[in-house]
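Student: Just a sequence and a predicted model for now, questions to come.
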Amino acid sequence: MKNDLKAILNLIAQTIFDKKGFNTLALDVRGISTLTDYVIIAEGNVDRHVSSIAQGIIDALQEAGVKVNQVEGLEAGDWVVLDFLDVMVHLFMPGLRDKYRLEDLWKESQILDLQINTSPLSTGTYDKSSRK
């Protein structure tokens, strides 16, 4: 997966969804940004939630063989930036995202349609007879 950017983008988006992040936006900023090729912006409810989402992304990508290059803001949790070189992730608390409006920096970018599995993680049914 190390060189499959689409798979990396999908894994990041899936991790955000699984960790209950919201308002996820993925942008193709090739030709617009000199820092990265893709940007994912999402939100968490509070600082601990944002930090938890960020750590989940770091762990999921590390498991897939992709190492984070730089992390900023993980301890504070109000705005966390994860730099994976070709992909940069910005995770915000809602008020800060509205304040900084990063989306406006890349107005000309293409919005990416990522694949997220929204089905429940467990499809098992509860069997009352097994309860004693």
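Tutor: Yep, that arrived.

Student: Just the buried residues of the top helix by length along the chain, please?
Tutor: In the chain, assigned by DSSP state H, the helix with the most residues is helix 47-63. By 16 or more other C-beta atoms under 10 Å, the buried positions in helix 47-63 come out as 47, 49-58, 60-61. Using the backbone N, CA and C atoms, a C-beta is placed for each residue, glycine as well.

Student: Show the residue spans covered by the helices in this protein.
Tutor: Going by DSSP H, the chain shows helices at 5-18, 47-63, 94-100.

Student: how about those helices, which one is nearest Asp83?
Tutor: Among those, helix 47-63 comes nearest to Asp83, with 11.0 Å by C-beta to C-beta.

Student: The closest one relative to helix 5-18, how many degrees between them?
Tutor: Orientation check (axes from the mean of the first three to the mean of the last three C-alpha atoms, to 10 degrees): helix 47-63 against helix 5-18 gives 150 degrees.

Student: So which elements touch helix 47-63?
Tutor: Judged by 3 or more C-beta pairs under 8 Å, 6 or more residues apart in numbering; DSSP states H and E, helix 47-63 is in contact with helix 5-18, strand 79-83, strand 87-92.

Student: and the angle from it to strand 79-83?
Tutor: Using the same axes, to 10 degrees: helix 47-63 against strand 79-83 is 10 degrees.

Student: Run through who's touching helix 47-63.
Tutor: 8, 11-12, 14-16, 18-21, 42-44, 67-68, 71, 74-80, 82, 84, 89, 91-93 (C-beta atoms under 8 Å, 6 or more residues apart in numbering).

Student: can you list the buried residues of helix 47-63 in CSV and add distance to Asp4?
Tutor: CSV is the format used below for the buried residues of helix 47-63 (distance: C-beta to C-beta, whole Å):
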residue, distance to Asp4
Asp47, 32
His49, 28
Val50, 27
Ser51, 27
Ser52, 26
Ile53, 22
Ala54, 22
Gln55, 23
Gly56, 20
Ile57, 16
Ile58, 18
Ala60, 14
Leu61, 12
